[in-house]
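S.K.: Structure of the sequence below:
(chains A and B)
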Amino acid sequence: AQSVTQLDSQVPVFEEAPVELRCNYSSSVSVYLFWYVQYPNQGLQLLLKYLSGSTLVKGINGFEAEFNKSQTSFHLRKPSVHISDTAEYFCAVSEVSGGYQKVTFGTGTKLQVIP
Amino acid sequence: DTEVTQTPKHLVMGMTNKKSLKCEQHMGHRAMYWYKQKAKKPPELMFVYSYEKLSINESVPSRFSPECPNSSLLNLHLHALQPEDSALYLCASSQDGRGYQPQHFGDGTRLSIL
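M.R.: Residues are numbered from 1 along each chain as shown, chains lettered A, B, ... in the order given. Sure, this is the predicted structure:
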């Protein structure tokens, strides 16, 4: 069974400061990892994904994440945040169960950018 | 703009009503999903359709009845819901349900049960 842990429920950060949102996972099979962002009153939008290959993955809106197999982590980073980055961020792990894709989401981290 | 369209955006219904949620995508995706999301919680998987066939039912109560009339449409029929069913209902799709494919989400239907 797979699981995802996002230890930080809220992360306040000043505008233009760097930020890291932490994600740890466990999975018994091949790992496919995703970060999604959810703005208020909207659905989830894909930020980036790790499937294989380079452990540093670049996504939209200046975000990047690093896959670390030994630490089972997939932390999300941005060197300089903007007010518009205020949102809920979900880390997710995907596996195939019974021939069908099942995605398990972490509990989410609310990023609050302070002007 | 989202590529997965959900209607209605908001729905208020009584516990004895029957209503339906609708989801539509025109990306040619063959896997479609219903999720339930309570406030300040992650989405919880309810149903998975693969090539218009119900593949996964995550032990959802029978008052929720999914339907996939064709490869572009996904419905969720609601009947005799309870107040605890109030939530944001999200529809998603992926190319054909393989594990490495990201899911594309609609903006959801916010459901309130009186």
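
S.K.: okay, and the helix or strand of the chain with the least pLDDT?
M.R.: You didn't pick a chain, so chain A it is. Of all helical and strand segments in chain A, the minimum by mean pLDDT, DSSP states H and E falls on strand A:100-105, at a mean of 86.

S.K.: that's the other chain; I wanted chain B
M.R.: Ranked by mean pLDDT, DSSP H and E, the helix or strand of chain B with the weakest confidence is strand B:53-57, at a mean of 89.

S.K.: And that strand, what's buried?
M.R.: Using 16 or more other Cβ atoms under 10 Å in any protein chain shown as the test for burial, strand B:53-57 gives B:Ser55, B:Ile56. To be clear about C-beta, it is placed using only N, CA and C from the backbone, and glycine gets the same treatment.

S.K.: Which SSE is immediately downstream of that strand?
M.R.: strand B:64-70 (DSSP states H and E).

S.K.: What is the burial count for A:Gln45?
M.R.: A total of 17 residues lie near A:Gln45 under the criterion other Cβ atoms under 10 Å in any protein chain shown.

S.K.: residues touching residue 65, list them.
M.R.: This is for chain A. Each residue near A:Ala65 by Cβ atoms under 8 Å, 6 or more residues apart in numbering or on different chains is listed here: A:Leu33, A:Trp35, A:Leu48, A:Tyr50, A:Leu56, A:Val57, A:Gly59, A:Phe74, A:His75, A:Leu76, A:Arg77.

S.K.: To clarify, I was referring to chain B.
M.R.: For B:Ser65, the contacting residues are B:Leu76, B:His77, B:Leu78, B:His79, by Cβ under 8 Å, 6+ apart.
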